[in-house]
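**Q** Kindly return the folded structure for what I paste below:
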Amino acid sequence: MTATVFKVLVTDDEPHARERLCRLLEDQSEWQVVGEAGHGLEALELCERLQPDILLLDIRMPEMDGMEAARHLATLESGPAVIFTTAYDHYAIEAFEAHAVGYLLKPVRRERLIEALRHASRLGRASLRELARETDAAPRNSICVRQGDGLKLVPVDQVLSFQAEQKYVRMYHRKGEELLDESLKNLAAEFGERFIRIHRKALAATAYLDRLEKSHDGGHRIWLHHVAEPLPVSRRHIAAVRQWLKGRR
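**A** Numbers count the residues shown, from 1 in each chain. From the prediction side, this is the model:
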């Protein structure tokens with residue numbers, strides 16, 4: 001019977017740290033390093049392309065740190081098991097809130113690394129979304145979307161609205177629009193008071209709310225800054241929108 005080999009992706013902004021982790025795994029037949037990344041966004045791109053089983057992920061990195069990358073991975077139906085590596089022990093609680101299955105302090109010792117990998121391997125390709133239901137991770141600072149063959153980040157503070165369309169959510173932001181493979185319910189839960197539900201199929205960014213007005217058919221609609229057309233507000237959510245606008249004054 002052929003032994004299972006688990007694919008490992010190593011992510012750290014310091015080349016010598018990546019080299020050390022790869023070296024520790026050179027003589028290990030259970031785990032194969034399939035790639036290296038220097039920051040969180042590169043890790044997301046490689047996860048999509050290489051489909052690793054386990055992600056060794058540094059926390060403090062430029063462009064996108066490990067915590068942010070883990071929160072993006074948590075939106076996937078199936079992603080790698082995450083093992084954080086860091087020189088700072090005060091990240092431990094936040095790491096597990098970001099759905100890590102392991103946490104290693106640098107310099108990483110071989111026996112601790114193998115122990116963490118064995119634990120992650122027992123989980124197999126665990127769904128980070130399932131782990132996310134058991135924790136209360138901080139919300140993302142940006143939304144990761146596909147752009148051609150790569151990925152790009154849209155800062156959450158530039159998002160104007162989320163609007164459900166059949167199986168997808170269309171995200172409107174200051175520089176355009178994107179389709180997301182996420183649910184409106186999960187987005188509302190994650191971002192809390194930064195967005196208000198104006199309709200069962202729409203969330204609007206509270207930072208961009210302008211004014212509420214009655215429409216010709218007797219309903220209501222809300223104007224957002226930087227948006228040419230108003231959005232309908234359902235009868236069910238009109239009171240909450242009015243209350244929010246009143247409290248802003």
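**Q** can you give me the helices for this protein?
**A** For the chain, helices defined by DSSP state H occupy the ranges 15-24, 40-50, 66-73, 92-97, 110-123, 128-132, 184-191, 238-248.
**Q** now the ones you listed as JSON lines including distance to Gly148 and mean neighbour count?
**A** In short, each C-beta sits where N, CA and C put it, glycine included. What follows is those, written out as JSON lines (distance: least, Cβ to Cβ, whole Å; neighbours: other Cβ atoms under 10 Å):
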{"stretch": "helix 15-24", "distance to Gly148": "27", "mean neighbour count": "15"}
{"stretch": "helix 40-50", "distance to Gly148": "11", "mean neighbour count": "20"}
{"stretch": "helix 66-73", "distance to Gly148": "18", "mean neighbour count": "25"}
{"stretch": "helix 92-97", "distance to Gly148": "32", "mean neighbour count": "16"}
{"stretch": "helix 110-123", "distance to Gly148": "32", "mean neighbour count": "16"}
{"stretch": "helix 128-132", "distance to Gly148": "25", "mean neighbour count": "19"}
{"stretch": "helix 184-191", "distance to Gly148": "24", "mean neighbour count": "16"}
{"stretch": "helix 238-248", "distance to Gly148": "37", "mean neighbour count": "12"}
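**Q** out of the ones you listed, nearest to Trp223?
**A** helix 238-248 (10.9 Å; Cβ to Cβ).
**Q** Let's see the closest one as CSV, backbone CA atoms only.
**A** The C-alpha coordinates for helix 238-248 follow below in CSV (Å, rounded to 0.1, in the frame of the first residue of the first chain):
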residue,chain,number,x,y,z
ILE,A,238,-36.6,50.7,7.1
ALA,A,239,-36.8,51.2,10.9
ALA,A,240,-33.2,50.1,11.4
VAL,A,241,-31.9,52.3,8.6
ARG,A,242,-33.8,55.3,10.0
GLN,A,243,-32.5,54.6,13.5
TRP,A,244,-28.9,54.4,12.2
LEU,A,245,-29.2,57.7,10.2
LYS,A,246,-30.8,59.4,13.3
GLY,A,247,-28.0,58.2,15.6
ARG,A,248,-25.3,59.5,13.2
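**Q** what comes into contact with it?
**A** Residues from elsewhere that reach helix 238-248, judged by Cβ atoms under 8 Å, 6 or more residues apart in numbering: Ile196, Arg197, Ile198, Thr206, Leu209, Arg211, Leu212, His220, Ile222, Val233.
**Q** Can you add distance to Val169 and give the helices of the chain back as a markdown table?
**A** What follows is these, written out as a markdown table (distance: least, Cβ to Cβ, whole Å):
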| stretch | distance to Val169 |
| --- | --- |
| helix 15-24 | 35 |
| helix 40-50 | 19 |
| helix 66-73 | 15 |
| helix 92-97 | 24 |
| helix 110-123 | 29 |
| helix 128-132 | 15 |
| helix 184-191 | 6 |
| helix 238-248 | 20 |
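**Q** Pick out the shakiest of the ones you listed, pLDDT-wise.
**A** Among the helices of the chain, helix 128-132 has the lowest mean pLDDT, at a mean of 45.
**Q** isn't Leu113 right next to Leu24, touching?
**A** Yes - here Leu113 reaches Leu24: they are 5.6 Å apart, a contact under Cβ atoms under 8 Å.
**Q** before we move on, the earlier item: quick one: which of the helices of the chain is nearest Val8?
**A** helix 110-123 (7.4 Å).
**Q** between that closest one and helix 15-24, how big is the angle?
**A** Angle of helix 110-123 versus helix 15-24, following axes from the mean of the first three to the mean of the last three Cα atoms, to 10 degrees, is 70 degrees.
**Q** list the helices and strands helix 110-123 packs on?
**A** Secondary-structure packing of helix 110-123 (3 or more Cβ pairs under 8 Å, 6 or more residues apart in numbering; DSSP states H and E): strand 6-11, helix 15-24, strand 54-58, strand 81-86, strand 102-105.
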